[in-house]
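Peer 1: Following is a predicted model, sequence given first.
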Amino acid sequence: MIRHFRTASILCAIALLAALPAQSQEKKAKKKAPKAAAAEVAPPAEGPALPEAEPENTFEACQDQFDNDGDGHVDCVDQDCEVFAICVRPAVIEPPPPPMPPEPRFVIPPPPVPEEERGWMCSDGIDNDRDGLVDCYEKLCQSHRRCKREIYYVPVDPDKAPGLLVSFGGGLAVPNFRGNQTKGHSDIYGDVPFHPDYGGLVDLSIGVLPVKFFGVGLNLIAGGTYGTNRQDWDDGDHIFDDPYKYDAVKGFGHVGGYVRFQWPFERFVPYLQISGGYTYARERWWIYDGQEPWSNIDEQDEAELDSMSDYDVKIYRHFTVALEPGFDVFVAKRFFAVGLRAWMPVWATSNPDVDNVGVMLNFSFTPMWRERPVVKPEYANPASTLEEETREEEPTEPPPPPTPAAEPATQGTVVAAEPAVPPPADPITPLDDPYATP
């Protein structure tokens, strides 16, 4: 009995195995039903039997270039082969569109390179001739008016002496403080006192200052004054203060030398000159009757005045010593100055009251004191300046990196390296983890 049971079991298994291919063919036919044509297919003509189709669902069958299952689809075209990677079609990437051609534009050609820079090119800040030198560094541009202000400078030597000194000026002549009147002689009235006279004077002096504090020179002073006792008289009483009337004119000149002491500051130069020389003065007096009114005297001509007046002429010649204190203020530094000076006679060999005191406004020139403009060194030799700038622009070799200091060796001690990443600010503790074991 047991033998018959085993036999029945084997037969059932064989029947099941035979039924599985039939079911698979039926499912495959249903799956490929959409691919079939809608029209009915005519039964094949009678002929020799075709070999049984094989399934096309293996990796080898999907790349052997045969229609193994006879459904009209080969390899990757067959729906059964779509599961394999070799049959997956890559996505088609469309190429980018070709770039558009640039729009045509009008290009201005660069100007031609000139052979040399001159004229307006000396102030445009461009190396027009491409030789490495710009504007005032060019030799031909150094005569340009803009470059003359840029490339020249005036050196100042504080120890330099003024050299030549030329001064001229003029001012007011007033009576001498040593005597305010002189005597004029008249044959009719005797000695007539000459009251203080006022006028003007001019001065010219040329000197040499070999050192900045001391100099010598020559001076020439000339001037004239006028004096009178003109006054109105009382018509009722005809009383006059003086029994005479007079006019007096004096001319004078002084020629001599001086010694100058000065102390030059930045622009202010105080000085003192001690002068001595020959003085010539000439006085002429016109003396009228005191009872004669001035209106009648002024209306008379020269011949009538000579007949109705007396006159006297005096001439003085003597040696005069005078002090000349003053100061100069340089308007153009170390070249042109404006200042004030006094002429004060302090001693004379005769008639010291004849010499007038003068106060003068002076204009002084010191042409040898002013330094000439000099070309700056960088403009004097622009080629060397260009070489130095090129040398500075050349890259220099970088210095070698510093060698790290040797760390002290540890004797048998293993030092753990610190972690590069610091620990989190709020690490998870066992209390925060619900699955952590205590």
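Peer 2: Sure thing, it's come through.
Peer 1: CA only for contacts and neighbour counts going forward, please
Peer 2: Noted.
Peer 1: for the chain, what spans make up the helices?
Peer 2: Counting by DSSP state H, the chain has helices at residues 2-31, 145-151, 294-299, 302-308, 377-380, 382-393.
Peer 1: Lowest average pLDDT across these?
Peer 2: Looking at the helices of the chain, the lowest mean pLDDT belongs to helix 382-393 (a mean of 53).
Peer 1: what are the ranges of the strands in the stretch 151-300 of the chain?
Peer 2: 152-153, 163-174, 182-186, 190-194, 198-211, 214-228, 244-262, 268-289 (DSSP state E, counting those that start in this stretch).
Peer 1: Out of the ones you listed, the one nearest residue 327 is which?
Peer 2: Smallest distance to residue 327 across the strands of the stretch 151-300 of the chain (C-alpha to C-alpha): 4.1 Å, for strand 268-289.
Peer 1: just checking, what packs against that closest one?
Peer 2: In terms of contacts (3 or more C-alpha pairs under 8 Å, 6 or more residues apart in numbering; DSSP states H and E), strand 268-289 is packed against strand 244-262, strand 310-332.
Peer 1: could I have it exported to CSV, CA atoms only?
Peer 2: Provided in CSV are the C-alpha atoms of strand 268-289 (Å, rounded to 0.1, in the frame of the first residue of the first chain):
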residue,chain,number,x,y,z
PHE,A,268,62.7,140.7,8.6
VAL,A,269,66.2,142.3,8.7
PRO,A,270,66.9,145.1,11.3
TYR,A,271,70.1,147.0,10.7
LEU,A,272,72.1,150.0,11.8
GLN,A,273,74.4,152.1,9.5
ILE,A,274,77.0,154.6,10.6
SER,A,275,77.6,157.1,7.9
GLY,A,276,80.1,159.8,7.4
GLY,A,277,80.9,162.1,4.5
TYR,A,278,81.0,165.5,2.8
THR,A,279,77.9,167.8,3.1
TYR,A,280,77.1,170.8,1.0
ALA,A,281,74.2,173.2,1.7
ARG,A,282,73.1,176.5,0.2
GLU,A,283,70.5,178.9,1.6
ARG,A,284,68.9,181.9,-0.1
TRP,A,285,66.8,184.4,1.7
TRP,A,286,64.3,187.0,0.4
ILE,A,287,63.6,189.6,3.0
TYR,A,288,60.7,192.2,2.7
ASP,A,289,59.4,195.1,4.8
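Peer 1: which sections of this protein are below the confidence cut-off?
Peer 2: In the predicted model of the chain, residues 1-9, 11-53, 90-92, 115, 178-195, 231-242, 302, 305-309, 382-438 satisfy pLDDT under 70.
Peer 1: nearest to residue 371, of the strands of the stretch 151-300 of the chain?
Peer 2: Closest to residue 371 of the strands of the stretch 151-300 of the chain is strand 152-153 (C-alpha to C-alpha; 9.7 Å).
Peer 1: before we move on, back to that, would you turn the strands of the stretch 151-300 of the chain into a markdown table with mean neighbour count and distance to residue 128?
Peer 2: Listed next are those as a markdown table, based on neighbours: other C-alpha atoms under 10 Å; distance: least, C-alpha to C-alpha, whole Å:
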| stretch | mean neighbour count | distance to residue 128 |
| --- | --- | --- |
| strand 152-153 | 16 | 23 |
| strand 163-174 | 19 | 46 |
| strand 182-186 | 17 | 82 |
| strand 190-194 | 14 | 82 |
| strand 198-211 | 19 | 50 |
| strand 214-228 | 19 | 54 |
| strand 244-262 | 19 | 54 |
| strand 268-289 | 19 | 48 |
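Peer 1: Switch these over to CSV; also include distance to residue 122.
Peer 2: Supplementary listing: these in CSV, determined by distance: least, C-alpha to C-alpha, whole Å:
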stretch, distance to residue 122
strand 152-153, 16
strand 163-174, 38
strand 182-186, 73
strand 190-194, 73
strand 198-211, 43
strand 214-228, 46
strand 244-262, 46
strand 268-289, 40
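Peer 1: dump the residue contacts of residue 223.
Peer 2: Going by C-alpha atoms under 8 Å, 6 or more residues apart in numbering, residue 223 touches 173, 199, 200, 201, 202, 251, 252, 253.
Peer 1: what's the neighbour count on the residue nearest to residue 76 when sequence neighbours are not counted?
Peer 2: Excluding the flanking residues, the one nearest residue 76 by C-alpha to C-alpha, 6 or more residues apart in numbering is residue 87, at 5.1 Å. For residue 87, the neighbour count with other C-alpha atoms under 10 Å is 15.
Peer 1: Just to check, residue 87 is in contact with residue 74?
Peer 2: No: assessed by C-alpha atoms under 8 Å, residue 87 is found out of contact with residue 74, at 11.4 Å.
Peer 1: Relative to residue 165, tell me which of the helices and strands packed on strand 268-289 wins on proximity.
Peer 2: Of all these, it is strand 244-262 that lies closest to residue 165, at 10.9 Å by C-alpha to C-alpha.
Peer 1: What is the closest one packed up against?
Peer 2: The contact analysis (3+ C-alpha pairs under 8 Å, 6+ apart) places strand 244-262 against strand 214-228, strand 268-289.
Peer 1: and the longest one with strand 244-262, angle?
Peer 2: Here strand 268-289 points in a direction 170 degrees away from that of strand 244-262 (axes from the mean of the first three to the mean of the last three C-alpha atoms, to 10 degrees).
Peer 1: again with the shortest one
Peer 2: Direction vectors for strand 214-228 and strand 244-262, defined by the same axes, to 10 degrees, enclose an angle of 170 degrees.
Peer 1: tilt between strand 214-228 and strand 163-174?
Peer 2: Strand 214-228 runs at 20 degrees relative to strand 163-174, counting by the same axes, to 10 degrees.
Peer 1: Just the C-alpha atoms of strand 214-228, please, in PDB.
Peer 2: The C-alpha trace of strand 214-228 is given here as PDB (Å, rounded to 0.1, in the frame of the first residue of the first chain):
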ATOM      1  CA  PHE A 214      78.300 143.000   8.300                       C
ATOM      2  CA  GLY A 215      78.800 145.200   5.200                       C
ATOM      3  CA  VAL A 216      80.100 148.400   3.800                       C
ATOM      4  CA  GLY A 217      78.900 150.800   1.100                       C
ATOM      5  CA  LEU A 218      78.500 154.200  -0.400                       C
ATOM      6  CA  ASN A 219      75.500 156.500  -0.100                       C
ATOM      7  CA  LEU A 220      74.200 159.700  -1.800                       C
ATOM      8  CA  ILE A 221      71.500 161.900  -0.200                       C
ATOM      9  CA  ALA A 222      70.100 165.000  -1.800                       C
ATOM     10  CA  GLY A 223      67.100 167.200  -0.900                       C
ATOM     11  CA  GLY A 224      65.700 170.600  -0.400                       C
ATOM     12  CA  THR A 225      63.600 172.600   2.200                       C
ATOM     13  CA  TYR A 226      61.600 175.800   2.300                       C
ATOM     14  CA  GLY A 227      61.000 178.300   5.200                       C
ATOM     15  CA  THR A 228      59.000 181.400   5.600                       C
END
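Peer 1: That's all I had, so thanks and see you.
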